[in-house]
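J.: Mind folding the following:
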Amino acid sequence: MDRLQGTKNPSVALKCLFTIHSIIKKGPFILKDQLSFYPSFGGRNFLNMSKFRQDSDPERWELASWVRWYATVIEQNFIVSRFLGHYLNSSCSSNNSKDDEDKASALLNKDLLGELDVLVDFVEVICEAPDSLHLQLNNLVYAVIRYAGEDYRIVQREILIRVVELKDRMASLSCNELTQLLGSLKRFEDCKERLRLLFVNRARNDALWEFICGAKLKIMEMGKLKSLVKMERTDGSGELTRFRERFGELRQLVRLNTSGGWFGMDRVPASTMSTML
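T.: Now for the predicted structure:
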């Protein structure tokens with residue numbers, strides 16, 4: 001960390017970040033724990049690379065943009081891990097699919113939606129990679145993208161688990177929750193082409209995008225249905241209220257007094273009224 005904060009060389013900074021990422025992916029728990037300590041103090045920018053610049057030549061200037069992006073990816077990795085309650089790259093998030101599905105099924109709707117939002121945030125950060133993709137010819141940049149691709153595949157799987165669970169719960173979701181879910185899926189789907197370009201089809205996974213598209217359609221259908229039901233209930237309630245108001249007014253008009261007259265009208269004897277019927 002000290003070397004990362006002290007260097008002005010983008011290649012050195014990328015190597016430091018790559019080492020940090022390697023610790024997150026493969027290092028012992030105690031080192032991960034020490035690194036995860038930083039976000040609680042520095043927030044989203046705890047690596048403090050957002051202002052890293054190197055303008056001495058065009059290649060270093062481009063490499064500096066990769067440093068800023070890669071630092072953000074690593075920061076987001078920690079944020080997601082803290083939100084999910086386990087390290088994103090840990091074995092429990094990579095191998096035990098049934099356990100992860102059981103954990104998802106035990107969560108409340110709002111918690112599932114919150115986790116989905118954070119996971120999609122991570123995908124959006126990955127998609128913010130610099131446009132200078134030709135630098136993938138640089139071995140270090142290529143290694144960085146490969147690590148980011150591995151993170152994306154894990155995040156993709158985590159997203160899928162939550163979307164499947166939420167899709168099964170659609171009938172119990174409120175209109176606001178359906179809207180939030182639909183928004184997350186749209187954000188994720190908007191990343192599709194950028195992901196294909198960045199990872200050169202290594203993360204294509206057409207079946208995933210077909211599933212996401214199908215889930216969106218079902219959510220929209222459910223949202224429309226619930227909106228219609230809500231409108232009908234609102235209209236029905238309004239109609240009932242208006243009926244009660246009219247009935248109350250009528251009662252005031254036709255209530256008989258003890259002498260056989262009528263209140264709310266010209267006073268007409270009951271005997272006269274009987275002749276009108």
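J.: residues making contact with stretch 47-67?
T.: Among residues not part of stretch 47-67, those counted as contacts by C-beta atoms under 8 Å, 6 or more residues apart in numbering are 4-5, 8-11, 13-14, 17, 20, 38, 42, 68, 71-72, 74-75, 129-130, 132, 135, 138, 141, 144. Quick note: C-beta positions are derived from backbone N, CA and C, even for glycine.
J.: From the residues you listed, which land in helices?
T.: The subset of the contacts of stretch 47-67 located in helices under the criterion DSSP state H comprises 4-5, 10-11, 13-14, 17, 20, 42, 68, 71-72, 74-75, 141, 144.
J.: Quick check on the contacts of stretch 47-67: which are buried?
T.: Applying 16 or more other C-beta atoms under 10 Å to the contacts of stretch 47-67, the neighbour count classes 4, 10-11, 13-14, 17, 20, 68, 71-72, 74-75, 129-130, 132, 135, 138, 141, 144 as buried.
J.: Spell out which helix or strand contains the residue sitting nearest the centre point of the chain, please.
T.: Closest to where the C-alpha atoms of the chain average out (C-alpha atoms, centre = their mean) is D117, at 1.8 Å. Taking DSSP states H and E as the definition, one finds D117 inside helix 109-126.
J.: just how off-centre is that helix within its chain?
T.: 4 Å (C-alpha atoms, centre = their mean, to the nearest Å).
J.: So for that helix, what gets flagged as buried?
T.: Residues of helix 109-126 classed as buried: 109, 112-123, 125-126 (neighbour count, 16+ other C-beta under 10 Å).
J.: Next: stretch 155-175.
T.: By 16+ other C-beta under 10 Å, the buried positions in stretch 155-175 come out as 155-156, 158-163, 165-167, 170, 173.
J.: Columns distance to I212 on top of those residues, output as TSV?
T.: As requested, those are arranged in TSV below (distance: C-beta to C-beta, whole Å):
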residue	distance to I212
V155	14
Q156	10
E158	14
I159	9
L160	9
I161	13
R162	12
V163	7
E165	14
L166	12
K167	10
M170	14
L173	17
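J.: now I79: how far from G114?
T.: Using C-beta to C-beta, to the nearest Å, I79 is found at 12 Å from G114.
J.: For L185, give its distance to D2.
T.: For L185, the distance to D2 under the criterion C-beta to C-beta works out to 42 Å.
J.: could you pull out the helices for the protein?
T.: For the chain, applying DSSP H gives helices covering 2-6, 10-26, 29-36, 39-42, 58-84, 97-105, 109-126, 139-168, 175-190, 192-199, 206-254, 270-276.
J.: mind putting the ones you listed in a markdown table, mean pLDDT and distance to M49 included?
T.: As requested, those are arranged in a markdown table below (pLDDT from 0 to 100; distance: least, C-beta to C-beta, whole Å):
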| stretch | mean pLDDT | distance to M49 |
| --- | --- | --- |
| helix 2-6 | 85 | 8 |
| helix 10-26 | 93 | 7 |
| helix 29-36 | 76 | 14 |
| helix 39-42 | 46 | 11 |
| helix 58-84 | 93 | 4 |
| helix 97-105 | 86 | 31 |
| helix 109-126 | 97 | 13 |
| helix 139-168 | 95 | 13 |
| helix 175-190 | 96 | 25 |
| helix 192-199 | 91 | 20 |
| helix 206-254 | 72 | 31 |
| helix 270-276 | 42 | 91 |
